[in-house]
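Trainee: next comes the sequence, and after it the predicted model I'd like to discuss.
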Protein chains: 4
Amino acid sequence: MARLTPEEMDRIAREDVPGVAQTGVRFEEIGDGVVRARLPFREDSIRPGGTVNGPTMMGLADIVIFACVLSRIGIVKMAVTTNLNANFLRMPGSVDLIAEGRLIKCGRRLAYGEVFICAEHEPDDPVCHVTAT
Amino acid sequence: MARLTPEEMDRIAREDVPGVAQTGVRFEEIGDGVVRARLPFREDSIRPGGTVNGPTMMGLADIVIFACVLSRIGIVKMAVTTNLNANFLRMPGSVDLIAEGRLIKCGRRLAYGEVFICAEHEPDDPVCHVTAT
Amino acid sequence: MARLTPEEMDRIAREDVPGVAQTGVRFEEIGDGVVRARLPFREDSIRPGGTVNGPTMMGLADIVIFACVLSRIGIVKMAVTTNLNANFLRMPGSVDLIAEGRLIKCGRRLAYGEVFICAEHEPDDPVCHVTAT
Amino acid sequence: MARLTPEEMDRIAREDVPGVAQTGVRFEEIGDGVVRARLPFREDSIRPGGTVNGPTMMGLADIVIFACVLSRIGIVKMAVTTNLNANFLRMPGSVDLIAEGRLIKCGRRLAYGEVFICAEHEPDDPVCHVTAT
């Protein structure tokens, strides 16, 4: 069972990572080591071509992995990302993004997970894949 | 010689990547394939611990690599990042960050570069190292 | 349906990548964009601690991704890896390794996939996760 | 001053990582956190196109980073790689490779460094860039 609810995670984002929270990210489902979040489309997250920009997607992935860790170990704010590797697979266009993350390993000192980011309604053709430690 | 001035790059950031520009990034020096930018410390870029957050640093690195490419090939807005790998080495604290990027390779189809991000006044102890394609 | 059989891929490894083939890798199942291979434990692949070393696992992952691409597009030898990111999650010990790879994206110019490497009999606790372009 | 000589590192490679040592890697210079090694060209390290293959270069980079760490902290064999990210920039052809590595950070728990691999006689146009933790 998850040690964190979507409402708690929305609040943590607002209080502790305001720069990310102001992108509008909302947590939809949190299980044990499994998290789904939605990033509503916003005009100020675009890049040339009218598509959501890379840093916005990396910020989304980063907080989703953070939520995956908290869902397993409970609310401990000192977790820090040491490595994040993002691969951008195609342009998402001007739509809401859905990020689905899961823990691959959660040890005492290191946690590692992956996030797939898809355009809403196109779950089989990811726009971005991120791994983070 | 660089095919881009710091003033042109500041303008490109404001017009084309407003979400990144509003972090306050300023380009200080642009040579051929070499770029230095400054990210002033701002309250909304923090994370738990009072330090600049990861997505802010990744956004900074991403636009610095983009500027490195433009400094070599001229102002062509269709360059897209396909891979970005960030390693966070220590917490920077509440200070301005200096990002220094350089192109390692610039071919017809792929460009690749690296960025070191340091806290101001501590140029020998980087807080973050990013490579991007 | 896969455009490649395990036997064809074993032969390609022997003929074209002898340095990797001599580690003893064998392809067990190849579907469309999905590949499973086995690396028998060998004394010369160890590192301090008596465990299979990192380069051996990266070589295994690299050829599994290559096989994933060939299973989709047919036998075309010019595919090259441009980025490989490996995360080592725990030590496997002195056992056979099973690598399961799948394509995440296969476009005209870029293919991207991931590989999980597990110790035999411990499929739920991966020792290594690799992404490659 | 380095806490390791090239001769000691050649011996460590032979004794502890025989699979890598048999590629013929030789350590040429070791300073404090700075290492240069040479990989002589060998027929069994090729891949289609007659060029040194990726796993061979990743193995070279991995042991060079390992040597960088030992040059700083002394001979301690339990250092393990947790992340290795390799970017292949062009094909090296059938020549000796020179790998130059340096530590970027060496803390109590994590060390991080980078390696540039170049074809001999072409030091300004790297074939591969690797970062490792």
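Mentor: Nice, I can see it. Model, not experiment: these values are computed from the prediction.
Trainee: biggest helix in chain A by residues?
Mentor: helix A:54-73 (DSSP state H).
Trainee: near chain C, anything from it?
Mentor: No: on the criterion C-beta under 8 Å from any C-beta of the partner chain, helix A:54-73 is out of touch with chain C, staying 12.7 Å away. For glycine as for every other residue, the C-beta is placed from the backbone atoms N, C-alpha and C.
Trainee: mind saving the C-alpha coords of the next helix or strand after that helix as PDB?
Mentor: As assigned by DSSP states H and E, the chain's next helix or strand after helix A:54-73 is strand A:83-88. Extracted in PDB, the C-alpha atoms of strand A:83-88 (Å, rounded to 0.1, in the frame of the first residue of the first chain):
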ATOM      1  CA  ASN A  83      21.400  11.400 -11.900                       C
ATOM      2  CA  LEU A  84      18.600  12.000 -14.400                       C
ATOM      3  CA  ASN A  85      18.800  10.800 -17.900                       C
ATOM      4  CA  ALA A  86      16.100  12.000 -20.300                       C
ATOM      5  CA  ASN A  87      15.400  10.800 -23.900                       C
ATOM      6  CA  PHE A  88      13.100  12.900 -26.000                       C
END
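Trainee: in chain A, which helix or strand is least confident?
Mentor: Scoring the helices and strands of chain A by mean pLDDT, DSSP states H and E places strand A:46-47 at the bottom, with a mean of 60.
Trainee: burial count for A:E43?
Mentor: Using other C-beta atoms under 10 Å in any protein chain shown, A:E43 is surrounded by 9 other residues.
Trainee: and whichever strand or helix holds A:E28 with helix A:54-73, angle?
Mentor: In this assignment (DSSP H and E), A:E28 forms part of strand A:26-31. Taking axes from the mean of the first three to the mean of the last three C-alpha atoms, to 10 degrees, strand A:26-31 and helix A:54-73 form an angle of 40 degrees between their directions.
Trainee: which other residues reach strand A:26-31?
Mentor: The contact list for strand A:26-31, computed with C-beta atoms under 8 Å, 6 or more residues apart in numbering or on different chains, reads A:2, A:4-7, A:9-10, A:13, A:35-38, A:40, A:67, A:71.
Trainee: can you go through those residues and name the buried ones?
Mentor: Neighbour counting by 16 or more other C-beta atoms under 10 Å in any protein chain shown classes A:A2, A:L4, A:P6, A:M9, A:D10, A:A13, A:V35, A:R36, A:A37, A:R38, A:A67, A:S71 among the contacts of strand A:26-31 as buried.
Trainee: quick one: end-to-end length of stretch A:20-38, please.
Mentor: 13 Å (C-alpha to C-alpha, to the nearest Å).
Trainee: now find how far off-centre it is within its chain.
Mentor: Distance of stretch A:20-38 from the chain centroid (C-alpha atoms, centre = their mean, to the nearest Å) equals 6 Å.
Trainee: how close does A:G19 get to D:R90?
Mentor: According to C-beta to C-beta, to the nearest Å, A:G19 stands 38 Å off from D:R90.
Trainee: those two: which has the busier surroundings?
Mentor: Neighbour count, other C-beta under 10 Å: between A:G19 and D:R90, A:G19 has more, with 21 against 16.
Trainee: list the contacts for the nearest residue to A:A61 once chain neighbours are set aside?
Mentor: Closest residue in space to A:A61, ignoring its immediate chain neighbours: A:V130 at 3.7 Å, by C-beta to C-beta, 6 or more residues apart in numbering or on different chains. Counting by C-beta under 8 Å, 6+ apart, A:V130 touches A:M57, A:M58, A:A61, A:D62, A:I65, A:L84, A:N85, A:A86, A:N87, A:E114, A:V115, A:I117.
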